[in-house]
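In: Sequence and predicted structure below; questions after.
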Amino acid sequence: MSASGIAVLSPSSTAAPKPVPKGLLACGIAASLLYIAMNIVVPLQWPGYSFASRVISELSAIDAPTRSLWVPLGIVYGVLMGAFGWGVWVAARGNRPLRVAGALILIHSVIGLVWPPMHQREVVAAGGGTLTDVLHIVWSAAWVAFMLAAMAFAAAGLGTRFRRYSIATLAILVVFGVLTGLDAPNLSTNLPTPLIGVWERIQIGVVIVWNVVLAIALLQPKPAATPIAP
């Protein structure tokens, strides 16, 4: 303590920043790259599948030719995202909004791991839909809600630039979410949905980029405390 009553840190007592959980945070980047690869490679295994007119959930639909490939890859993606959520939680260290964001990312990754599948649109239109189709919609709404909440809390917990970026991301999600919602009724009746896949992939794309940006932001080294001269 100096004569002025202000606590003084000597060079030997300077608190070094705790190590960032780099491996866990890197899982967010790995998960994003995996999901991009899944959306490129898996649809190619379904002759006639249209990136523009079909939604991503149809790749894992009951009896879809791509379900057996999508599901195990989706499990790996969910595990990676869960690890990322835990990494955000650990990296928060006293930052309450960011810690909540990590918990929400972890929860929405668990939701993705137990997502009930939908039937193919032709089956639903013919009256073959079951409870799993209803639950698929419920899970989708819950997944979106937790992701939006995670973005909001992370935006509150980090700096101004990241906050502005998150607000722009949320705005894009709202716009293209509305466009997807306008086409969604035609999916269950097997009517044309010429651009529903485009609208949905734009939404997923901005979420993937947001996860990568968050991971990179948290991976940046934090400066050590500067000692105050006596």
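Out: Thanks, I have it. Numbering: from 1, shown residues only.
In: switch to C-alpha atoms for all contacts and neighbour counts from now on
Out: Will do.
In: need the contact list for the spatially most central residue of the chain.
Out: Central residue of the chain (CA atoms, centre = their mean): Val207, 5.4 Å from the mean position. Counting by CA atoms under 8 Å, 6 or more residues apart in numbering, Val207 touches Thr169.
In: For Ser188, grab the count of nearby residues.
Out: For Ser188, the count of nearby residues is 19 (other CA atoms under 10 Å).
In: my guess is it meets Ala125, correct?
Out: Yes - with contact defined as CA atoms under 8 Å, Ser188 and Ala125 form a contacting pair (5.5 Å).
In: The chain: helices as residue ranges?
Out: 22-41, 67-92, 96-113, 121-125, 131-157, 160-188, 196-219 (DSSP state H).
In: can you pull the buried residues of the third one?
Out: Yep, that's helix 96-113 we're talking about. 97-113 (16 or more other CA atoms under 10 Å).
In: give me every residue that touches Val119.
Out: For residue 119 the amino acid is His, not Val. Glu58, Ala61, Ile62, Asp63, Gly128, Gly129, Asp133.
In: tell me the pLDDT at it?
Out: Per-residue pLDDT puts His119 at 96.
In: measure it to Asp133 for me?
Out: 7 Å (CA to CA, to the nearest Å).
In: Output the below-cut-off pLDDT ranges for this structure.
Out: For the chain, the stretches with pLDDT under 70 are 1-18, 222-230.
In: 90 - rerun?
Out: 1-21, 93-94, 108, 112, 159, 188, 220-230 (pLDDT under 90).
In: As a markdown table, the helices of the chain with distance to Arg54 would be great.
Out: As requested, the helices of the chain are arranged in a markdown table below (distance: least, CA to CA, whole Å):
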| stretch | distance to Arg54 |
| --- | --- |
| helix 22-41 | 12 |
| helix 67-92 | 14 |
| helix 96-113 | 19 |
| helix 121-125 | 10 |
| helix 131-157 | 16 |
| helix 160-188 | 9 |
| helix 196-219 | 5 |
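In: out of these, nearest to Tyr49?
Out: helix 196-219 (10.7 Å; CA to CA).
In: export that closest one as PDB, just CAs?
Out: Once non-C-alpha atoms are left out, helix 196-219 reads as follows in PDB (Å, rounded to 0.1, in the frame of the first residue of the first chain):
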ATOM      1  CA  ILE A 196     -36.800 -21.900 -49.100                       C
ATOM      2  CA  GLY A 197     -33.400 -23.600 -49.100                       C
ATOM      3  CA  VAL A 198     -31.600 -20.400 -50.000                       C
ATOM      4  CA  TRP A 199     -33.400 -18.400 -47.200                       C
ATOM      5  CA  GLU A 200     -32.600 -21.100 -44.600                       C
ATOM      6  CA  ARG A 201     -29.000 -21.500 -45.600                       C
ATOM      7  CA  ILE A 202     -28.400 -17.800 -45.300                       C
ATOM      8  CA  GLN A 203     -29.700 -17.900 -41.800                       C
ATOM      9  CA  ILE A 204     -27.500 -20.900 -40.900                       C
ATOM     10  CA  GLY A 205     -24.600 -19.300 -42.700                       C
ATOM     11  CA  VAL A 206     -24.700 -16.100 -40.600                       C
ATOM     12  CA  VAL A 207     -24.900 -18.200 -37.400                       C
ATOM     13  CA  ILE A 208     -21.900 -20.300 -38.400                       C
ATOM     14  CA  VAL A 209     -19.900 -17.100 -39.100                       C
ATOM     15  CA  TRP A 210     -21.000 -15.600 -35.800                       C
ATOM     16  CA  ASN A 211     -19.800 -18.700 -33.900                       C
ATOM     17  CA  VAL A 212     -16.400 -18.400 -35.700                       C
ATOM     18  CA  VAL A 213     -16.100 -14.700 -34.900                       C
ATOM     19  CA  LEU A 214     -17.000 -15.300 -31.300                       C
ATOM     20  CA  ALA A 215     -14.400 -18.100 -31.000                       C
ATOM     21  CA  ILE A 216     -11.700 -15.900 -32.600                       C
ATOM     22  CA  ALA A 217     -12.600 -13.000 -30.300                       C
ATOM     23  CA  LEU A 218     -12.200 -15.100 -27.200                       C
ATOM     24  CA  LEU A 219      -9.000 -16.700 -28.400                       C
END
